[in-house]
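Colleague: What would the 3D arrangement of this be:
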Amino acid sequence: MHNVRVNQIQAAAERARSDPEAARMDIRLRGAWRVETEKPQFGAAVTFPAGELTLESDFPPFLGGEGRAPTPLAYCFYGAMSCYGATFAIQAAMLGVELRSLRIDLSLEVDFSTALGLDALPPLSEFRFDVEVETDSDDVTVQRIKQLADDRCPAIWAMSHAVPYSTTARRASAPL
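Modeller: Model prediction:
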């Protein structure tokens, strides 16, 4: 239904009932900072079931880059937006609600004062997701889907919970 394979989701949910590992996906990424001045500053190969894609990022000039590729944050924001949009479409499909189209806008402000060492200000404003769907369903149903997306979207969860993290840094023992 509207490019969502509901039967695959239902089968995955059934497998996960007896094997919680079936609902998990390990993510392993490796990227590299580029010291060559003619290239975007950062690159990483991202693999997925049907292939691999090299993503590149470059800061805008006011942050020391040349703006030759999207900023690292653009990928974060795109990820949040696409995750929420996909979760919305999946929840609609799981409810049997056909969507003829779904458009989503994300807006927020980024303050680089802290990154520039000027002031300790929150770097991100509120994320404002605006979803518009074309459907024969009524407004109550659309709001029900929205609530399910709010409750089930991993990106929304990550924005509303402290996500544990760790960092390490070490000197390379040999040239990379």
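Colleague: Is the residue nearest to Leu102 when sequence neighbours are not counted inside a helix or a strand, and which specific one?
Modeller: Nearest non-adjacent residue to Leu102, counting by CB to CB, 6 or more residues apart in numbering: Val133, 5.0 Å away. For glycine as for every other residue, the C-beta is placed from the backbone atoms N, C-alpha and C. Applying DSSP states H and E as the criterion places Val133 in strand 128-134.
Colleague: which helices and strands sit right next to that strand?
Modeller: Where contact means 3 or more CB pairs under 8 Å, 6 or more residues apart in numbering; DSSP states H and E, strand 128-134 is packed against helix 72-94, strand 101-107, helix 139-152.
Colleague: angle of that strand against helix 72-94?
Modeller: 40 degrees (axes from the mean of the first three to the mean of the last three CA atoms, to 10 degrees).
Colleague: How about the backbone phi and psi for the nearest residue to Ala93 once chain neighbours are set aside?
Modeller: Among residues not flanking Ala93 along the chain, Val4 sits closest, at 3.9 Å (CB to CB, 6+ apart). With angles defined as degrees, to the nearest 10, Val4 sits at phi -120, psi 120.
Colleague: gap between Val4 and Ala86?
Modeller: 8 Å (CB to CB, to the nearest Å).
Colleague: what do you get for Ala32?
Modeller: Taking CB to CB as the measure, Ala32 falls 28 Å from Ala86.
Colleague: Sounds good, over and out.
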